[in-house]
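>>> Below: sequence and its predicted model.
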Amino acid sequence: MTAPSPQPQSPQAQFARDQWYVAAWSAEVGRDLLGRTILGEPLALYRTEDGRAVALADRCVHRRFPLSASRLDGDRVVCGYHGFTYDTTGACVSVPGQQRIPRTARVAAYPVVEQDSFVWVWIGDPDRADPAAVPRAPHLVEPGWVTVSGMEPIDADYGLLVDNLMDLSHETYLHGGYIGTPEVAETPITTEVDEDASIVRVSRHMPDAECPPFYARSTGIEGRIRRLQDIEYHAPCLYLLHSRISPTGSDTPVFRTEITYAITPSGPGTVYDFWAVSRDFALDDQEVTDFLREFNHTVVMQDVDALNLLQRCLDTEPTGYQELSINIDTGGLAARRILAKLAAR
Amino acid sequence: MTAPSPQPQSPQAQFARDQWYVAAWSAEVGRDLLGRTILGEPLALYRTEDGRAVALADRCVHRRFPLSASRLDGDRVVCGYHGFTYDTTGACVSVPGQQRIPRTARVAAYPVVEQDSFVWVWIGDPDRADPAAVPRAPHLVEPGWVTVSGMEPIDADYGLLVDNLMDLSHETYLHGGYIGTPEVAETPITTEVDEDASIVRVSRHMPDAECPPFYARSTGIEGRIRRLQDIEYHAPCLYLLHSRISPTGSDTPVFRTEITYAITPSGPGTVYDFWAVSRDFALDDQEVTDFLREFNHTVVMQDVDALNLLQRCLDTEPTGYQELSINIDTGGLAARRILAKLAAR
Amino acid sequence: MTAPSPQPQSPQAQFARDQWYVAAWSAEVGRDLLGRTILGEPLALYRTEDGRAVALADRCVHRRFPLSASRLDGDRVVCGYHGFTYDTTGACVSVPGQQRIPRTARVAAYPVVEQDSFVWVWIGDPDRADPAAVPRAPHLVEPGWVTVSGMEPIDADYGLLVDNLMDLSHETYLHGGYIGTPEVAETPITTEVDEDASIVRVSRHMPDAECPPFYARSTGIEGRIRRLQDIEYHAPCLYLLHSRISPTGSDTPVFRTEITYAITPSGPGTVYDFWAVSRDFALDDQEVTDFLREFNHTVVMQDVDALNLLQRCLDTEPTGYQELSINIDTGGLAARRILAKLAAR
C-alpha cells in the first residue's frame, strides 16, 4: 500500500452509537455534579451517598437548564434554576409551587459501568447495553502497577486522535527528545485486524534502539534498548499500548509500561483524550511517578497542540481533500474502516 | 396546566416592531456618541448642546462607517472616517472635497422620548410613534424614592429574560441566600392578563416568610415578614415588580421597593438588561444605597450567568426541543403569547 | 459623480488570480518556516542555505499537516508530524518506514520573485507567471533612501483597504493630528485610469497647507507647506504614494517621501497590510528614523482599527446595502472596476 488507494477519507463524520464510552475518570465523579458531552449528548455525572456513579441527561425537562450547574440534595439532583428535583433513575420527584408532578417529567438515565478506574456510559439504546462488553484495562487498578493519568479536551475530530495513536511513527518527529527516536519511524510494523471483535493490533519491535528520556529516566537504563510496542485498539474507545523495554541484547530485566488512552468523541470536532501511564517497576519511587506524570503530560500536550492545529487547517480545506497513505497507516486505516462500520450499524 | 400543553415554544424567534424600547439610561447619553443595537438596528445616541437626546442610524451613507465611532461638532455628527456630517434630523449637511451634497444623503433619525430617566426609542414606522404610549416608571425620578441602577448585556434571547422575570420561583434556587427563600417557590401565584393593553400581572403574596438578606439589611427587620410581590409587565419592554415588606402579623411599617427592568432585544440571542431598585425608606442612608447597588448587581449577575449558560445549551439542542410547563409558568406563557402576537402584527 | 450611481458594490467578493502578490518582507523569510495564506492558499516560506526564497504549499500530502509548523533539514522541509520530507521543488524525497516513495507525493511549489525587499509569489497557473511583470518599488532598496516598514494583518476584506488608500481625504478625520489637516479633505483630486496596465493614479496638490506632525518633525519645516500627493496603484497588490513637501511659496528644498503599501488578500475578510515609509532626507538621522517608524505604525493602526470595526459592521448589514459615492471616491471606484475585471478573467 505505497500508493494512494480508495479509503475512508479522514475525519469520522459519524459517531458509533450503541457503544460504551469513557465519560470520566472515577476520581472525577463525586458529590459535585460534573458536566460532560458524549457524542453530542450532554450528561450530568455524580456519585450517590453510597458511592454509585450516576449519569443523567443534562437538561431539566422544564426549561432545559443544565443539571450539571445544579446541586445535590442527598442522592437527588435539584435544578439550579427552578428546583425541579430528580432521583437517580431520572424521575422528577418534586416541582415548585404544587404537589402534582407531571407524569412525563423525567430525564434519561444512562447505563453506567465503573471499572478499572473509568466511569463508562452507554450511548445508544439502553436495552442493548451489556456491562460484560466493557473492555478491560486492569493494570489501571491492579496491585503491582502504579499509574499516572489525566484528561485533555482537544478541538479536533476524534478520528484525528485515532489516527495519531494508531501510527506511532509520529513519535520520532512530534515527540523527538521525549519518547521518539529515529528507530520508531524506521521500523516497519505488523498489523492484525479482528473485524468481528472491532480490534486492531499494530506491533513495532525494535531490537536495538536509542533509549528516549521517557524510559532512560524512569528505568535507569543507560545504553541502547530493545523496545517492543504492541498496540491493541478496542474500537471505538479503548486504546492500549503494551510497551516492553530491556537493555539491548539482554532479555532481562523487562520494564513493562502500559499506555492507556480512552478516546471519547464529545461532539463534531471535539474529543476527550483520557490518558494514563502504568508501570510495573520502581513502584515506590515518587520521583519516577512525578517525572512520568509531568513528562507524559508534556507529550500529550504536543499531540493536543498538533491536533488542534491540524483540525484548524482541515476546517479551511476544500471538501474532499486528498490524503496519501503508506505502510505506516495500515493500522489507522483499519481503525477507520471499523469505526465507519460501527457508525453505519 | 400541570401537564404539557400546546404553547409558544421558548425563545422568541421574532421581535415586536412598532414599539417603544429603552435604548439607554438618561445618564448614559451625553456629549460622546453611544452605540446601541436595538432589534438588530444599529443606533448612535447623543445629546445636543441644549440637552435633547438624539438617536440616528449608526451607519454613514458613504461607506457604512459607524457614526457611534465618530465625534460631535456642536449638535452635528462628523463621521470619523471621511467627515460626512449629519444634523439632528439625520440630514447630511457637509461632505469632503465638494460643495454639492447628494440629495439622498440622509440617515434615519429615530423618534425619541426621554422619560423617567430612560431614553426610549421607537423601532418601526416613525409615523406610528405615539409618545403618549410610552409606559411609565415614575418612581425612578419622583421625590420620595432613591434608586440604584445599571445595565448588563446578556448573550441570550430576550425571551429567556422575560421567562426569568415572569417566574420568580427561581429566586429560591438561583438567588438563595440573596433574595430567595423557600416560601417564594412554595407559594402559588395568581395571574391576570390584559391582552388588549399587552399587560401581564403576576402576584405572589407570602403572609409569613423568611426575610432574605436583601430586605433584612436594607430595612433592618429582624424577624419574619409579610412579603408581597406584584409583577406588572408591560410587553414588550417594561417590567415592574412592586414589592411590599412588613413584619409578619403587623401591617406597619410597610417598606416599599420598586424593582424595574427594561428588556430590550439587541439582536437574535442578545438582550440588554436594564435594572433598577427604588426604595421609599432610608432615603438618606448612603450605606443602604451602596448595599442595594452592590447586592442587586450580584443578583443580576446570577441571572446573567444563568441565561448565558442556558442560551449556550439551547444553541446545541436539536430544534423543536420540548419544554414542560407547570403552574409557575402561567405568567411567562401569557407573556410569550402577547409577544408573539405583537411580533406577528 | 455627486449622486449615487451603478457601481461595483464594496467588498471585493472575488480575488484576482494569475497575479503576483507580496507574501512577505524579505527580512521575514529565513531559516525558520513562515506560514502565510494568500488568496486562501496556505504557503510555507523559507530560505535555502544559499539564500534563495522558496514557497511551498503548506499541507503535507500525507495527512495535511502544515509544513509551516515543521523544520528544515538543509534545504529540505521535514514534516513535523510524520517526517515526510520535501525538496525545494515540492517533490517528496523521503517517507518514514519504507524506501519506496509514492510517485504522486508532491506539494505545489509557487513561483517566487524577490525584488525591492519584497518576496512576491505568483498565485494562479504557474505557466503564466512572468517575473518581468512584478511591479517595482526601487526606493525600498536604492541608495539615497532610508526606509521603515512593517506588516499588519487586518480582519477586513482587502477591498476595504484599497478603498482606504485610494481616498486620502480620510487623513483629515481618521488621522487628524498625525498626517491629516483640513486641506486634504478640502482639496479636489484628479484621477487617471490606465485600464490596460491596471494602474490608477490619483493626485491631490495642496499649494498652501498646514504641516502635520508627520512632516514637521521629520523635515524640520516650521511653517505652512506645499504638499503634493501622487498615488500610483498597480492593481491588485502594489500601492505607491509619492509625497513631496516644500515650504509654501518656495520650490526648494523638496522633501521626498515614498509611502509604499502591498495589499495582499489572505482570504475572505482578511488582508495583509504591508507598509513602508522611505525618505530621501535626514538619511543618517536615527531619531527621524525612529520617529517615522513609531509614528507611521500608529497611523497604520488607526486604519487597522477602523477597518476591523467597519468589517464587523458590514458583516451584520443586510446584503445589498447601499453606499453613496462622491468625487473623492473616483479613484477607489476605478480600482474596484479594475479588480473586478482582473477577478473575472
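Sure, I can see it.

>>> from here on, contacts and neighbour counts on C-alpha atoms
Will do.

>>> any idea how far residue C:65 is from residue A:323?
Using C-alpha to C-alpha, to the nearest Å, residue A:323 is found at 10 Å from residue C:65.

>>> Residue A:327: neighbour count?
Counted with other C-alpha atoms under 10 Å in any protein chain shown, residues neighbouring residue A:327 total 18.

>>> Now it: phi and psi?
The phi/psi pair for residue A:327 (degrees, to the nearest 10) reads phi -50, psi -40.

>>> So for it, what's the pLDDT?
Looking at residue A:327, its pLDDT is 96.

>>> That one and chain C: what is the separation?
Using C-alpha to the nearest C-alpha, to the nearest Å, residue A:327 is found at 7 Å from chain C.

>>> which ones are touching the closest residue to residue A:110 other than its chain neighbours?
Distances taken as C-alpha to C-alpha, 6 or more residues apart in numbering or on different chains put residue A:55 closest to residue A:110, at 5.4 Å, once the chain neighbours are dropped. By C-alpha atoms under 8 Å, 6 or more residues apart in numbering or on different chains, the residues touching residue A:55 are A:43, A:44, A:45, A:46, A:109, A:110, A:111, A:112, A:121.

>>> Settle it for me: which of residue A:323 and residue C:65 has more neighbours?
residue C:65 (23 against 16).

>>> With adjacent residues omitted, what lies nearest to the residue of the stretch 151-300 of chain A found nearest chain B?
For the stretch 151-300 of chain A, the residue closest to chain B is residue A:267, as judged by C-alpha to the nearest C-alpha, at 10.2 Å. The shortest distance from residue A:267 to any non-neighbouring residue, by C-alpha to C-alpha, 6+ apart, is to residue A:40 (4.5 Å).

>>> I figured that neighbour was touching residue A:270, is that so?
No - Residue A:40 sits out of contact with residue A:270 when judged by C-alpha atoms under 8 Å, with a separation of 9.6 Å.

>>> Tell me the backbone dihedrals of residue A:278, please.
Torsion angles, degrees, to the nearest 10, at residue A:278: phi -110, psi 140.

>>> Can you pull the residues of the stretch 51-200 of chain A lying near chain C?
Residues of the stretch 51-200 of chain A lying close to chain C by C-alpha under 8 Å from any C-alpha of the partner chain are A:169, A:170, A:171, A:172, A:173, A:174, A:185, A:186, A:187, A:188.

>>> Now the third one. Nearest residue, chain neighbours left out?
Excluding its sequence neighbours, the residue lying closest to residue A:171 (C-alpha to C-alpha, 6+ apart) is residue A:180, at 4.3 Å.

>>> wait, doesn't that neighbour sit right on residue A:214?
No - under the criterion of C-alpha under 8 Å, residue A:180 makes no contact with residue A:214, lying 9.0 Å away.

>>> Can you list phi and psi of the residue nearest the centre of chain A for me?
Residue closest to the average C-alpha location in chain A (C-alpha atoms, centre = their mean): residue A:262, at 1.5 Å. Note on residue A:262: backbone dihedrals following degrees, to the nearest 10 are phi -120, psi 130.

>>> for it, which residues make a bridge with it?
residue A:238, residue A:274 (DSSP bridges).

>>> quick one, what contacts residue A:233?
So, once contact is read as C-alpha under 8 Å, 6+ apart, residue A:233 ends up touching A:199, A:200, A:201, A:239, A:240.

>>> what do you get for residue A:67?
Residue A:67 neighbours (C-alpha under 8 Å, 6+ apart): A:33, A:44, A:57, A:58, A:59, A:60, A:77, A:78, A:79, A:80.

>>> I'd like the distance between the closest residue to it other than its chain neighbours and residue A:38.
Using C-alpha to C-alpha, 6+ apart and skipping residues adjacent in sequence, the residue nearest residue A:67 is residue A:58, 5.0 Å away. In this structure, residue A:58 and residue A:38 are 11 Å apart, going by C-alpha to C-alpha.

>>> The two: which is more packed in?
The neighbour comparison of residue A:58 against residue A:38 (other C-alpha under 10 Å) goes to residue A:58, with 26 against 21.

>>> need the residues of the stretch 101-250 of chain A near chain B, please.
By the rule C-alpha under 8 Å from any C-alpha, the part of the stretch 101-250 of chain A lying against chain B is A:101, A:102, A:103, A:104, A:105.

>>> Could you tell me whether residue A:323 really is in a strand?
No - counting by DSSP: H, G, I helix; E, B strand; the rest coil, residue A:323 is not part of a strand but coil.

>>> Could you check how far it is from chain B?
Separation of residue A:323 from chain B (C-alpha to the nearest C-alpha): 31 Å.

>>> does that residue really touch residue C:102, like I thought?
No - taking contacts as C-alpha under 8 Å, residue A:323 lies outside contact range of residue C:102: 12.0 Å.

>>> List the contacts of residue A:248.
For residue A:248, the contact set (C-alpha under 8 Å, 6+ apart) comprises A:207, A:208, A:209, A:223, A:224, A:225, A:226.

>>> which one of the residues you listed has the most neighbours?
residue A:225 (23 neighbours).

>>> pretty sure that residue contacts residue A:245?
Yes - Residue A:225 lies in contact with residue A:245 (C-alpha under 8 Å); the separation is 6.5 Å.

>>> Helices of chain A, start to end?
A:158-166, A:170-174, A:182-186, A:213-219, A:286-315, A:330-344 (DSSP state H).

>>> got these as JSON lines, with distance to residue B:165 and mean neighbour count columns?
Putting the helices of chain A into JSON lines (distance: least, C-alpha to C-alpha, whole Å; neighbours: other C-alpha atoms under 10 Å in any protein chain shown) gives the following:
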{"stretch": "helix A:158-166", "distance to residue B:165": "41", "mean neighbour count": "23"}
{"stretch": "helix A:170-174", "distance to residue B:165": "54", "mean neighbour count": "24"}
{"stretch": "helix A:182-186", "distance to residue B:165": "62", "mean neighbour count": "21"}
{"stretch": "helix A:213-219", "distance to residue B:165": "58", "mean neighbour count": "17"}
{"stretch": "helix A:286-315", "distance to residue B:165": "41", "mean neighbour count": "17"}
{"stretch": "helix A:330-344", "distance to residue B:165": "44", "mean neighbour count": "20"}
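
>>> can you list those in TSV and add distance to residue C:309 and mean pLDDT?
Below are the helices of chain A laid out as TSV (distance: least, C-alpha to C-alpha, whole Å; pLDDT from 0 to 100):
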stretch	distance to residue C:309	mean pLDDT
helix A:158-166	36	98
helix A:170-174	39	96
helix A:182-186	49	96
helix A:213-219	49	96
helix A:286-315	25	98
helix A:330-344	44	97
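
>>> Any chance of CSV for the ones you listed, columns distance to residue C:275?
Listed next are the helices of chain A as CSV, based on distance: least, C-alpha to C-alpha, whole Å:
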stretch, distance to residue C:275
helix A:158-166, 40
helix A:170-174, 36
helix A:182-186, 44
helix A:213-219, 47
helix A:286-315, 28
helix A:330-344, 47
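
>>> Sweet, I'm off.
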